[in-house]
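> Need a 3D model of the sequence below.
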Amino acid sequence: MGFERGFIEFARVEPEHQDVAVRIRHFDEFIKTYDDKTAINQAGRCMDCGIPFCTRVCPLHNVMPEINQAVCEGNFEKAYKIVSMSNNFPEITGRICPALCEDGCTLSLTDKSVSIKAIERKISEYAFSHGLVGVFKPERNTNKHVAIVGSGPAALACAQELTRLGNHVTVYEKNSKIGGLLRFGIPDFKFSKSLIDRRLSQMEQEGVKFIVNTMVGKKEDLGEGVHCEATNFISGQSLTKQYDAVVLCPGSEQPRDLKIPGRELKGIYFALDFLIAQNKENDGEVTNPIDVKGKKVVVIGGGETASDCIGTAIRKGASSVTQLDYHDELPEHVDAQVGFPYYKKIKRTSTSQQEGCTRIFSTNTTAFEGKGKVSSIRTVKVKWGPNRKITPIDGTQGQMDADIVLIAMGYAHPSLSLINEFELKTDARGNIAAPTDGECAYRTSCDKVFAAGDGRKGQSLVVYAIAEGRNCAHAVDKYLNH
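Residues are numbered from 1 along each chain as shown. From the prediction side, this is the model:
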């Protein structure tokens with residue numbers, strides 16, 4: 001159970017963060033990995049409680065008590081072997097997962113939870129730096145070939161699992177590099193792209209084949225705001241003829257738009273237009289055409305994408321950054337037992353918001369104003385009612401200056417390109433229809449075609465995407481080989 005009195009003798013220690021004044025001058029990761037001693041002591045806080053809610057609420061069901069015990073004993077190799085049984089990419093979840101497990105930690109009922117996320121990051125970095133991340137060779141060769149469309153976390157997890165089960169996997173990506181939003185959407189200061197390259201090297205050695213700049217379907221079906229760099233195009237029919245199974249992992253790509261008066265004005269962009277361009281600039285490819293230096297930036301939306309825009313705009317020299325969130329402001333603390341063991345509904349402040357951002361809640365944007373280019377926006381306070389109905393509050397209309405507006409309101413569903421190409425059925429929200437259990441788990445309405453990740457589930461978290469990719473891989477393997 002870790003150290004016998006670990007949860008009493010050791011307080012939770014957060015990973016060291018670079019000072020704000022320093023980190024906003026660059027795009028490198030600024031959160032440090034635990035040293036060995038800190039990781040051992042923090043893992044020693046785990047009580048190995050009778051019911052490991054942390055394992056239950058984690059979509060990957062990582063067995064954290066066993067992992068923490070191994071770390072507590074200083075056996076990082078054993079810890080990595082255990083976490084790798086359920087999580088293909090702990091270096092990813094150790095950085096950008098919201099750590100649902102920590103809200104499910106029993107210790108959080110009376111104290112601060114065990115720092116599971118930081119421990120997981122330490123384990124993965126220790127494993128890579130000490131040569132513990134080897135190349136897995138399957139015990140069988142099924143002679144079955146699978147195509148995976150997309151290369152985000154669901155696709156990569158699915159590809160690795162299918163390959164390790166003895167299948168031959170080819171991943172098709174419409175953009176110039178592998179990684180999906182891990183590569184193009186998440187800022188480098190949160191997730192270094194060298195981490196993707198490091199993992200892809202292992203996967204290639206294991207036998208996964210990657211093909212980039214290749215789109216399945218028709219580019220005109222992508223929809224506004226969906227990024228595509230494809231120079232080659234192939235049909236869905238050619239894939240189903242060439243492969244024994246096809247797995248679609250497109251992600252939830254279609255950004256939610258804000259169709260209000262003035263939307264046609266220049267200076268209004270989807271969040272990913274800004275974020276993708278900046279990641280490419282950081283990679284030495286292009287200069288970000290969205291210049292925010294010295295400008296008043298307004299970010300519309302309250303999620304992680306909005307937070308990423310905030311941190312990026314600050315680093316690019318915006319004179320001010322304001323975040324408009326139509327949701328109500330939540331309390332910063334709630335009774336520990338309320339909602340336990342699930343993710344608490346509280347106000348959370350991201351590292352980007354800490355860097356200098358004005359947050360405005362319960363506020364809707366009603367119009368963009370300007371002469372050819374946006375110069376201000378009109379707003380109104382709103383009240384939330386039953387069934388998530390939003391009602392404007394009379395007399396609360398307002399206006400604020402805005403030189404650049406970034407729409408970060410989330411994603412509605414996958415683009416129509418793959419749906420049209422394979423003539424797929426969708427659910428009520430426009431996601432690819434496919435059950436997650438039974439004999440037809442992850443199968444779409446098209447023969448031989450499966451789906452996993454946000455394109456099936458809807459906009460979600462990276463940890464759910466990895467879990468779906470893993471589960472889908474085993475469903476596909478069963479379909480092909482049993």
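> can you give me the strands for the stretch 151-300 of the chain?
Assigned strands in the stretch 151-300 of the chain, in chain order: 168-172, 209-211, 214-216, 232-234, 245-248, 254-255, 268-270, 296-300 (criterion: DSSP state E, counting those that start in this stretch).
> which one of those strands is the most hemmed in?
Comparing the strands of the stretch 151-300 of the chain on average neighbours per residue, with mean count of other C-beta atoms under 10 Å, the densest one is strand 245-248 at a mean of 28. For the C-beta atoms, the positions are set from N, CA and C on the backbone; glycine is no exception.
> Using CSV, write out every CA atom in it.
The C-alpha atoms that make up strand 245-248 are tabulated as CSV, following Å, rounded to 0.1, in the frame of the first residue of the first chain:
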residue,chain,number,x,y,z
ALA,A,245,-11.1,-4.5,-42.9
VAL,A,246,-11.2,-0.7,-42.7
VAL,A,247,-11.3,1.4,-39.5
LEU,A,248,-12.4,5.0,-39.6
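> by contact count, what packs against the lengthiest strand in the chain?
Of all the segments of type strand in the chain, defined by DSSP state E, the longest one is strand 374-384. Contact here means 3 or more C-beta pairs under 8 Å, 6 or more residues apart in numbering; DSSP states H and E; on that basis strand 374-384 packs against strand 363-370, strand 390-392, strand 398-401, strand 404-407.
> let's see it at 6 Å
strand 363-370, strand 390-392, strand 398-401 (3 or more C-beta pairs under 6 Å, 6 or more residues apart in numbering; DSSP states H and E).
> what's in contact with that strand?
Contacts with strand 374-384, where a contact means C-beta atoms under 6 Å, 6 or more residues apart in numbering, come from 265, 267-268, 326, 328, 362-369, 390-393, 396-402, 405.
> now it, how far from the centre of its chain.
The gap between the average C-alpha position of strand 374-384 and the chain average comes to 28 Å, counting by C-alpha atoms, centre = their mean, to the nearest Å.
> how far away is the residue located most distally from the centre of the chain from E369?
Outermost residue of the chain with respect to the C-alpha centroid, by C-alpha atoms, centre = their mean, is G395; its distance is 38.6 Å. G395 sits 20 Å away from E369, going by C-beta to C-beta, to the nearest Å.
> still on that earlier bit, how about JSON lines for the strands of the stretch 151-300 of the chain, with mean pLDDT and distance to G311 added?
Below are these laid out as JSON lines (pLDDT from 0 to 100; distance: least, C-beta to C-beta, whole Å):
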{"stretch": "strand 168-172", "mean pLDDT": "98", "distance to G311": "29"}
{"stretch": "strand 209-211", "mean pLDDT": "98", "distance to G311": "29"}
{"stretch": "strand 214-216", "mean pLDDT": "98", "distance to G311": "30"}
{"stretch": "strand 232-234", "mean pLDDT": "98", "distance to G311": "34"}
{"stretch": "strand 245-248", "mean pLDDT": "98", "distance to G311": "31"}
{"stretch": "strand 254-255", "mean pLDDT": "97", "distance to G311": "19"}
{"stretch": "strand 268-270", "mean pLDDT": "98", "distance to G311": "16"}
{"stretch": "strand 296-300", "mean pLDDT": "98", "distance to G311": "10"}
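> export the ones you listed to TSV and tack on distance to G152?
As requested, these are exported to TSV (distance: least, C-beta to C-beta, whole Å):
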stretch	distance to G152
strand 168-172	10
strand 209-211	13
strand 214-216	15
strand 232-234	19
strand 245-248	12
strand 254-255	15
strand 268-270	18
strand 296-300	23
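> How far does stretch 286-300 stretch from one end to the other?
End-to-end distance for stretch 286-300: 26 Å, by C-alpha to C-alpha, to the nearest Å.
> So what touches that stretch?
Contacts of stretch 286-300 from elsewhere in the structure, counted by C-beta under 6 Å, 6+ apart, are 269, 274, 277-278, 280-281, 306, 309-310, 313, 316-324, 365, 401-408.
> quick revisit: quick check: mean pLDDT of the longest strand of the chain?
Model confidence over strand 374-384 averages 97 on the pLDDT scale.
> Tell me the neighbouring strands of that strand, and mark each as parallel or antiparallel.
The strands that strand 374-384 pairs with in its sheet are strand 363-370 (antiparallel), strand 390-392 (antiparallel), strand 398-401 (antiparallel) (by DSSP bridges).
> who does the helix or strand where L480 lies touch, helix- and strand-wise?
Element membership for L480 (DSSP states H and E) is helix 462-481. Contact partners of helix 462-481 among helices and strands, from 3+ C-beta pairs under 6 Å, 6+ apart: helix 153-164.
> One more pass at 7 Å, please.
Counting by 3 or more C-beta pairs under 7 Å, 6 or more residues apart in numbering; DSSP states H and E, the packing neighbours recorded for helix 462-481 are helix 90-96, helix 153-164, strand 245-248, strand 449-451, helix 454-457.
> what would the ones you listed look like in JSON lines with distance to V334?
Putting the helices and strands packed on helix 462-481 into JSON lines (distance: least, C-beta to C-beta, whole Å) gives the following:
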{"stretch": "helix 90-96", "distance to V334": "24"}
{"stretch": "helix 153-164", "distance to V334": "30"}
{"stretch": "strand 245-248", "distance to V334": "39"}
{"stretch": "strand 449-451", "distance to V334": "36"}
{"stretch": "helix 454-457", "distance to V334": "27"}
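> Among those, which comes closest to E204?
Go through the helices and strands packed on helix 462-481 one by one with C-beta to C-beta and the one that ends up closest to E204 is helix 153-164, at 10.1 Å.
> Who are the packing partners of the closest one?
Using 3+ C-beta pairs under 7 Å, 6+ apart as the contact definition, the elements that helix 153-164 packs against are strand 145-149, strand 168-172, helix 194-206, helix 462-481.
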